[in-house]
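# prediction below, plus the sequence it came from.
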Amino acid sequence: MATRKINRKRIPRLFIENKLTTRTVNLNANQTHYLRQVLRLRSGDRLVLFNGLGDEKYAVIETLTRTGSKVQITGSAKAIPSSPLKLHLLQSIIKAEPMDLIIQKSVELGVESISPVLSNFSVIRLDENRKKRRLEHWQKISRSACEQSGRHCPPLINVPQTFSKALTAIPSNTTRIALHPSTSNTLQDLSHTFDQLTELHILIGPEGGLSPSELDEANATGFHILSLGPRTLRTETAAIAACTLAQFLWGDLSV
């Protein structure tokens, strides 16, 4: 039986926020530091540049110094198609490290957007300055996750907002679920009702879960209240598991 050849050396990818229409691209000190110190690249090494705007290019490093670098575009690369499921994660804000993990893994799993939510049992409170800093931090994690996973376009990460505002921002006539361990209804049950889905909003509570009033509000605005099985999961585990199952049931994740 014929065996498929495996490419064991993956070409590293770098996200840049400008059009890739010139033959030569100059990279700033931060991008150069990433190439030198994180990816351990040197002059003559290959990489892929992408900008989330449809452009994805093969390139070769020409020069690499401490203050900047220059790369030469050598051809066009083919971007990985987006998932057929537009998956939106409404994640209650939790402590920094597990929140970062949720951002990273949900981006790898192909979410279309992430809405950080300030819910009743959230232990983190953010003023306007902290909201801005957190958003910039999450966007950086998102771009890195795209570089690692092969995604072309980083998802939209919304500014942290209140629970009610996040729910009212969801377009009408879209399928939405909220996770809570008190119910026996599951995502698989939902898949029997919706054989095909093109868009799904998933609401995840904080460490203490969604409050009774939040569950009532979610239920009143059309959310299906579901669980992920008999075990009580940590918030970050629930978010990753829910995104994985949704992409398996309706998206592009296969076994």
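Ah, there it is.
# could I get the full set of strands for the chain?
13-15, 24-27, 46-50, 56-64, 69-76, 86-92, 113-118, 156-157, 161-162, 175-179, 199-204, 224-226 (DSSP state E).
# could I get these as TSV with distance to residue 129?
Quick note: C-beta positions are derived from backbone N, CA and C, even for glycine. Shown next, in TSV, are the strands of the chain (distance: least, CB to CB, whole Å):
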stretch	distance to residue 129
strand 13-15	26
strand 24-27	29
strand 46-50	31
strand 56-64	35
strand 69-76	33
strand 86-92	21
strand 113-118	15
strand 156-157	17
strand 161-162	16
strand 175-179	30
strand 199-204	25
strand 224-226	35
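# nearest to residue 232, out of those?
Nearest of these to residue 232, taken as CB to CB: strand 175-179 at 10.8 Å.
# what's the angle from that closest one to strand 199-204?
20 degrees (axes from the mean of the first three to the mean of the last three CA atoms, to 10 degrees).
# how far does strand 175-179 sit from the chain's center?
Centroid separation for strand 175-179 versus its chain: 18 Å, with CA atoms, centre = their mean, to the nearest Å.
# what angle sits between that strand and strand 86-92?
30 degrees.
# could you say what helices and strands strand 175-179 packs with?
Here strand 175-179 touches strand 199-204, helix 212-220, strand 224-226, helix 235-250, going by 3 or more CB pairs under 8 Å, 6 or more residues apart in numbering; DSSP states H and E.
# which other helices and strands contact the longest one?
Meaning helix 235-250. Against helix 235-250 (3+ CB pairs under 8 Å, 6+ apart) you get strand 86-92, helix 96-108, strand 175-179, helix 187-193, strand 199-204.
# now these as CSV including mean neighbour count?
Shown next, in CSV, are the helices and strands packed on helix 235-250 (neighbours: other CB atoms under 10 Å):
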stretch, mean neighbour count
strand 86-92, 25
helix 96-108, 19
strand 175-179, 21
helix 187-193, 14
strand 199-204, 24
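# out of these, nearest to residue 154?
When the helices and strands packed on helix 235-250 are compared by CB to CB, helix 96-108 sits nearest residue 154, at 6.9 Å.
# what's the closest one packed up against?
Judged by 3+ CB pairs under 8 Å, 6+ apart, helix 96-108 is in contact with strand 86-92, strand 113-118, helix 128-149, helix 235-250.
# which of those sits most buried?
strand 86-92 (a mean of 25; mean count of other CB atoms under 10 Å).
# re earlier: lowest average pLDDT across the helices and strands packed on helix 235-250?
Among these, helix 187-193 carries the lowest mean pLDDT, at a mean of 89.
# which strands or helices does it pack on?
strand 224-226, helix 235-250.
# pLDDT below threshold where in the protein?
Within the chain, the ranges that satisfy pLDDT under 70 run 1-9.
# domains of it?
Domain assignment for the chain, taken from automatic domain parsing, gives 13-76, 86-250.
# tell me who's in contact with the nearest residue to residue 36 once chain neighbours are set aside.
With sequence-adjacent residues excluded and distances taken as CB to CB, 6 or more residues apart in numbering, residue 36 is closest to residue 64, at 6.3 Å. Residues near residue 64 by CB atoms under 8 Å, 6 or more residues apart in numbering: 32, 35-36, 41-43.
# what pairs with residue 64 across the strands?
residue 69 (DSSP bridges).
# now it: how far from residue 76?
The gap separating residue 64 from residue 76 is 23 Å, by CB to CB, to the nearest Å.
# burial count for the nearest residue to residue 131 once chain neighbours are set aside?
In space, and not counting its chain neighbours, residue 131 is closest to residue 160: 5.0 Å by CB to CB, 6+ apart. Counted with other CB atoms under 10 Å, residues neighbouring residue 160 total 23.
# ok, residue 160 to residue 19 distance?
Applying CB to CB, the value for residue 160 to residue 19 is 30 Å.
# what do you get for residue 196?
36 Å.
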